[in-house]
Structure formats: C-alpha cells, structure tokens
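Peer 1: I need the structure of the sequence given here:
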Amino acid sequence: MNPEIVAVSMQPDSPFHGLEGLKHMATSIVPTIYDPWLADRNLEMGTEPSYAMAKLLARQEGILVGISAAAAVAASLEIAREEAAEGRSAVIVTVLPDSADKYLSERFWEEA
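Peer 2: Just a heads-up that it's a prediction; the model follows:
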C-alpha cells in the first residue's frame, strides 16, 4: 500500500547450503505458493555468515534463534549497511522464523 516500502526476499546463495528450511529457488522444486514477483529485491545469504550470526545473537544478545532466523538478521544488517552507505535512514523489519532448539547439538556452536 505504501510505495516507499521495499520488500526484500532472502534465500541461500547456493544449491548446497546449510540453511535449514530455506530453498535456493533457482535449483529447487518451486512451491506453487511462491510468487517471484512479490519481492522488490532478492538477496542471497551464505551459510557461514548465518552460522556466525546465530552465535553472535546467542552470545552477545541472549537471543537463541535457528539458522534461518540468523540468516534473516544477517540479511537485514546487510541492507542496513547499504542504506547507511547511501546516506539513507531506514526502518528494517524481519521475521525470526525459528528457534535454536533443533540446532543445539550442531558443531558450529563450538567453533570460534
């Protein structure tokens, strides 16, 4: 309804990724509910930055989220950096779609 709102989609940056629950749309079976024209922009996110964000959120912010939620935060921060670099202010809203309870035994928590 507001033409100033920009909708950004985020997906894994490669077909072989570790972002549980997310699809690399270019190589996936596309669900019938997916509308590629809904987003104004598509952003790709890597597995390693998402793992790092999950650890950062847990250790520094006390927010225990899963990998896809961490990927959403990492993508939001990338957008924030881009907006700041262009001298623009922005309100960025994201959804944290999962918690970390399924991932507590994953090895990435132990890595530096």
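
Peer 1: what about the residue nearest to E44 when sequence neighbours are not counted, how many residues nearby?
Peer 2: Of all residues not flanking E44 in the chain, D13 sits nearest, at 3.8 Å (C-beta to C-beta, 6 or more residues apart in numbering). Where C-beta positions appear, they are placed from N, C-alpha and C, glycine not excepted. D13: 16 surrounding residues under other C-beta atoms under 10 Å.

Peer 1: in this protein, which segments are predicted with low confidence?
Peer 2: Within the chain, the segments meeting pLDDT under 70 span 15-16, 18-20, 23-24, 27, 103-109, 111-112.

Peer 1: show me the longest helix that occurs in it.
Peer 2: Scanning the chain for the longest helix, with DSSP state H as the assignment, gives helix 67-85.

Peer 1: correct me if wrong: the residue nearest to E44 contacts E48.
Peer 2: No: taking C-beta atoms under 8 Å as the definition, D13 is not a contact partner of E48, at 10.1 Å.

Peer 1: quick one: the strands in this protein?
Peer 2: Using DSSP state E, the strands assigned to the chain run over residues 8-12, 41-45.

Peer 1: buried set for the last one?
Peer 2: Buried residues in strand 41-45, counting neighbours by 16 or more other C-beta atoms under 10 Å, are found at L43, M45.

Peer 1: same check on the first one?
Peer 2: Buried positions in strand 8-12, judged by neighbour count with 16+ other C-beta under 10 Å: S9, M10, Q11, P12.
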